[in-house]
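Peer 1: okay, sequence plus prediction incoming.
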Amino acid sequence: MSSQGEALTSSSYIQHHLTNLTWSVDGGWNAHDAGFWTFHVDSLLVAVVLGVLFLWLFRSVAKKSTVGVPGKLQCFIEMVVEFVDENVKDTFHGKNALIAPLALTIFAWVFLMNLMDLVPVDLLPHAAQAVGVPYLKVVPTTDLNVTLGMSLSVFALIIYYTIKVKGFGGFVKELTMQPFNHWAFIPVNFLLESVTLLAKPVSLGLRLFGNLYAGELIFILIALLGYWQLPLHFPWAVFHILIIVLQAFIFMMLTIVYLSMAHEDH
Amino acid sequence: MNINATLIGQAIAFAVFVWFCMKYVWPPLLDAIEARQKKIADGLTQAERAGKNLELAQAKATEQLKEAKVQAAEIIDQANKRRTQIVEEAKNEGEVERDKIIAQGEAEVEAERNRAREELRQQVATLAIAGAEKIIKRSIDKEANSDIIDKLVAEL
């Protein structure tokens, strides 16, 4: 629970935990309704720090990697790489130098961002408050902007590769000549296929966001239970370990599947 | 929860991270893994070959050992034969030598006996002659009867 001196209601506690630290081009720090050009500084900062951590770790191992007997860290990193590589090879049967590193980045980065969910909910926000930062939301994947930013990037790659592999005509044909291959059905097909296409990034982003947001919210609710939170935090955290790995894996796997669909003719 | 520019920032960060990963992280790690896989495969092949070689060498060694045993047996056999032969030869030689020595001894003994007999005979003859001389001294010429004495001596 919060140790603030002022009267603290449950709703304000939750509200506080769900508010981002923002900076907007127009209104500056923590302005209300500051429009589109607002940045969630906490989400971005944590995400970038975790991404850099991931890249630094893997890069330092890659630089020192030996063909001979690997160390324990190298073994672990190679295990992750091989796991991703195996999944990519199982699903994607083309030649594309981007897909595997993309999948690895998604898996490791999303996992690390999800992992922030296991940090006790009050720890970092209170530490931030102690040094004068009013709001801090530490789990970037509970921010819809973060998950949609990634899923829309994947969406852009889907469209790019569809056009690159099948040509613009092929892309249009895919949208209009399926599932009913007749000119009269073009409007129906277009409606169906656009929904299918648009559902990909939206579901990809919302799935990750929804899972993590719900998980975080339950952590916050447990934190409101007073002494009852002590036995409850642990089982939920254990259960959450499964969720954070699973969601990272699902995001990676769906990205590979979508991109492999973009490369293949039906 | 409103959609705002965070989305763009996240997308940019995502692009940069993926680019970095593709350029500097993925290739060296995968290269190392693939190189090691090849090395291990090579090692296994070599181990298999070495095992086969070992088996071959063992078979060869066994064969050579067997051959050596046969040869050794042969040599021992030959040596035994040769020993028997040498012993036989030595025995024969010894026997010949013994016979020779015995014969020599006998011959010597015979010669000695002959000589002694001759001497004795001569002495007896001389004695006889001396006796006869003494007896016949007075009447008979010694020279004229010496051939009879010689004949007597030869008959002895």
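Peer 2: On my side now, so go ahead.

Peer 1: for the rest of this, base every contact and every neighbour count on C-alpha atoms.
Peer 2: Noted.

Peer 1: name the element B:Ala73 belongs to?
Peer 2: Using DSSP states H and E, B:Ala73 maps to helix B:26-136.

Peer 1: which outside residues touch whichever helix or strand comes after that helix?
Peer 2: Going down the chain from helix B:26-136, the next helix or strand is helix B:146-155, by DSSP H and E. Helix B:146-155 is contacted from outside by B:121-122, B:125, B:129, using CA atoms under 8 Å, 6 or more residues apart in numbering or on different chains.

Peer 1: what residues does chain B put near chain A?
Peer 2: Neighbours of chain A within chain B, by CA under 8 Å from any CA of the partner chain: B:1-11, B:13-15, B:17-18, B:20-22, B:24-26, B:28-30, B:32-33, B:35-36.

Peer 1: ok, now with 6 Å
Peer 2: Residues of chain B lying near chain A by CA under 6 Å from any CA of the partner chain: B:3-7, B:10-11, B:18, B:21-22, B:25-26, B:28-29, B:32, B:36.

Peer 1: which among those residues gets closest to A:Leu259?
Peer 2: B:Val18 (15.0 Å; CA to CA).

Peer 1: ok, that closest one to A:Arg59 distance?
Peer 2: Between B:Val18 and A:Arg59 the computed distance is 13 Å (CA to CA, to the nearest Å).

Peer 1: neighbour count: these two, which is higher?
Peer 2: B:Val18 (24 against 20; other CA atoms under 10 Å in any protein chain shown).

Peer 1: the more buried one contacts A:Leu102, doesn't it?
Peer 2: Yes - checked against CA atoms under 6 Å, the pair B:Val18 and A:Leu102 is within contact range at 5.5 Å.

Peer 1: state the distance from A:Trp228 to chain B.
Peer 2: Separation of A:Trp228 from chain B (CA to the nearest CA, to the nearest Å) stands at 29 Å.

Peer 1: could you give the number of residues near that residue?
Peer 2: 11.

Peer 1: excluding covalently adjacent residues, which one is nearest to it?
Peer 2: Counting by CA to CA, 6 or more residues apart in numbering or on different chains, A:Ile222 is the residue found nearest to A:Trp228 once chain neighbours are left out, at 7.8 Å.

Peer 1: where's A:Tyr13, which helix or strand?
Peer 2: For A:Tyr13, the host element (DSSP H and E) is helix A:10-17.

Peer 1: off-centre distance for that helix?
Peer 2: From the chain centre to the centre of helix A:10-17 is a distance of 24 Å (CA atoms, centre = their mean, to the nearest Å).

Peer 1: likewise stretch A:46-62?
Peer 2: 16 Å.

Peer 1: repeat that for stretch A:249-266.
Peer 2: Counting by CA atoms, centre = their mean, stretch A:249-266 comes out at 16 Å from the chain centroid.

Peer 1: mind listing what's buried along that stretch?
Peer 2: By neighbour count on 16 or more other CA atoms under 10 Å in any protein chain shown, the buried set for stretch A:249-266 is A:249-256, A:258-263.

Peer 1: do the same with stretch A:198-210
Peer 2: A:200-201, A:204-210.

Peer 1: for it, give the mean pLDDT please.
Peer 2: For stretch A:198-210, the mean per-residue pLDDT is 93.

Peer 1: can you redo the buried residues of stretch A:249-266 as CSV with pLDDT, distance to A:Ile218 and secondary structure?
Peer 2: As requested, these are exported to CSV (pLDDT from 0 to 100; distance: CA to CA, whole Å; DSSP: H, G, I helix; E, B strand; the rest coil):
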residue, pLDDT, distance to A:Ile218, secondary structure
A:Phe249, 95, 22, helix
A:Ile250, 95, 21, helix
A:Phe251, 95, 22, helix
A:Met252, 95, 25, helix
A:Met253, 95, 26, helix
A:Leu254, 94, 26, helix
A:Thr255, 94, 28, helix
A:Ile256, 94, 31, helix
A:Tyr258, 93, 31, helix
A:Leu259, 92, 34, helix
A:Ser260, 92, 36, helix
A:Met261, 89, 36, helix
A:Ala262, 89, 37, helix
A:His263, 88, 40, helix
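
Peer 1: how about those residues, which pair is most distant?
Peer 2: For these, the farthest-apart pair by CA to CA is A:Phe249 and A:His263; their separation is 21.1 Å.

Peer 1: enumerate the residues of the stretch 101-250 of chain A near chain B.
Peer 2: Contact residues, the stretch 101-250 of chain A versus chain B (CA under 6 Å from any CA): A:101-102, A:105, A:145-146, A:149-150.

Peer 1: if you set the cut-off to 8 Å instead, what comes out?
Peer 2: A:101-102, A:105, A:143-146, A:148-150, A:152-153.

Peer 1: distance to B:Ile40, neighbour count and pLDDT added to the residues you listed, as TSV?
Peer 2: Conversion of these to TSV gives the following (distance: CA to CA, whole Å; neighbours: other CA atoms under 10 Å in any protein chain shown; pLDDT from 0 to 100):
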residue	distance to B:Ile40	neighbour count	pLDDT
A:Pro101	25	25	94
A:Leu102	28	24	94
A:Thr105	28	27	94
A:Asp143	45	29	88
A:Leu144	46	22	90
A:Asn145	46	29	90
A:Val146	42	29	92
A:Leu148	43	28	92
A:Gly149	42	25	92
A:Met150	39	26	93
A:Leu152	42	21	94
A:Ser153	39	19	94
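
Peer 1: which of those fall in helices?
Peer 2: A:101-102, A:105, A:144-146, A:148-150, A:152-153 (DSSP state H).

Peer 1: can I assume A:Pro120 sits in a helix?
Peer 2: No - A:Pro120 is assigned coil when assessed by DSSP: H, G, I helix; E, B strand; the rest coil, not a helix.

Peer 1: now do it, the pLDDT please.
Peer 2: Confidence for A:Pro120, expressed as pLDDT, is 83.

Peer 1: tally of neighbours for it?
Peer 2: Counted with other CA under 10 Å, the neighbours of A:Pro120 add up to 14.
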